[in-house]
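Provided below for reference: sequence and predicted model.
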Amino acid sequence: MAIITNVGTSHIGNLGSKAQIALEKASITEGMADKSRIFTEYGESLFEGIISGSTVSMESSLSNYHLMPIAEDINGTTFDFFSDTVMLSGVRFNLPGRHILSCLAFSISAALKLGMKKDNITLAVSSLGSEHVRHKLVKMNGYAILDDSYNASRESVIADFRFLQFYKNY
């Protein structure tokens, strides 16, 4: 199984362009006979002609698997998840930040492909916590510090600025 969540700019210093990053990421699928076990982001034009498989997205029902956020707050997001055969309704993910849901959508898609039952997926998602230093709120001396120091990239910093709206009252 191969999951390629996105083509960002994290490796541009080594590879030179997003097109080269896409080619390098696509190389993981070489020799894979079962293309249905390859997951890419729906609408990623850089993969056109070099990779095929199942597509995953946030909100687009045109993809094979998609996640639709219903409600979002400082403590997490409630969402529905769809594939052509399964619907998970009203699932609660207890980590804030809409951009994290994209990776979660890939994880759920892979779990379904591997035959995991929907009740077990819902239980696993709702029990996830923030053991890593991603979007960790630290309150100190009257200040709120959003710690996203784990492997931050341009894309994650932009996501953090969007995420800060939930901390405006802190």
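Done, it's in. Residues are numbered from 1 along each chain as shown.

And stretch 51-59, what's buried?
51, 53-58 (16 or more other Cβ atoms under 10 Å). For glycine as for every other residue, the C-beta is placed from the backbone atoms N, C-alpha and C.

closest to Ala71 among the residues you listed?
If you rank those by distance to Ala71 using Cβ to Cβ, Met58 comes first, at 14.7 Å.

Give the closest residue to the residue nearest to the spatial centre of the chain in space, chain neighbours not counted.
The centroid of the chain falls nearest to Cys103 when counting by Cα atoms, centre = their mean (1.8 Å). Spatial nearest neighbour of Cys103, chain neighbours left out: Thr5 (5.6 Å); criterion: Cβ to Cβ, 6 or more residues apart in numbering.

you'd agree Val125 is in a strand?
No: counting by DSSP: H, G, I helix; E, B strand; the rest coil, Val125 is located in no strand; its state is helix.

one step back: from what I can see the residue nearest to Cys103 touches Ala105, true?
No: assessed by Cβ atoms under 8 Å, Thr5 is found out of contact with Ala105, at 9.1 Å.

Comparing the two, which shows the higher neighbour count?
Ala105 (25 against 16; other Cβ atoms under 10 Å).

How about stretch 63-81, which residues are buried there?
63-67, 72, 76-77, 79, 81.

swap in stretch 103-113?
Buried-residue list, stretch 103-113, by 16+ other Cβ under 10 Å: 104-113.

State the mean pLDDT of it.
Across stretch 103-113, pLDDT averages out at 91.

Need the residues that contact that stretch.
Identification of contacts with stretch 103-113 by Cβ atoms under 8 Å, 6 or more residues apart in numbering yields 1, 3, 5, 36-37, 39, 54, 56-58, 64-67, 81, 83, 86, 88, 93, 118, 121, 124-125.

Look up how far Asp160 lies from the residue of the chain positioned farthest from its centre.
Farthest-out residue of the chain from its mean C-alpha position, per Cα atoms, centre = their mean: Asn141, at 33.1 Å. Asn141 is 21 Å from Asp160, where distance means Cβ to Cβ, to the nearest Å.

Repeat that for Gly13.
21 Å.

Which of those two has more residues huddled nearby?
Ranked by neighbour count (other Cβ under 10 Å), Gly13 and Asp160 place Asp160 first, with 17 against 7.

what about the strands in this structure?
For the chain, the strands defined by DSSP state E occupy 2-4, 38-41, 54-58, 65-73, 76-83, 87-93, 136-140, 143-147.

Would you reformat the ones you listed as TSV and include mean pLDDT and distance to Glu155?
As requested, these are exported to TSV (pLDDT from 0 to 100; distance: least, Cβ to Cβ, whole Å):
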stretch	mean pLDDT	distance to Glu155
strand 2-4	90	14
strand 38-41	92	12
strand 54-58	90	14
strand 65-73	91	18
strand 76-83	92	18
strand 87-93	94	19
strand 136-140	70	18
strand 143-147	69	16
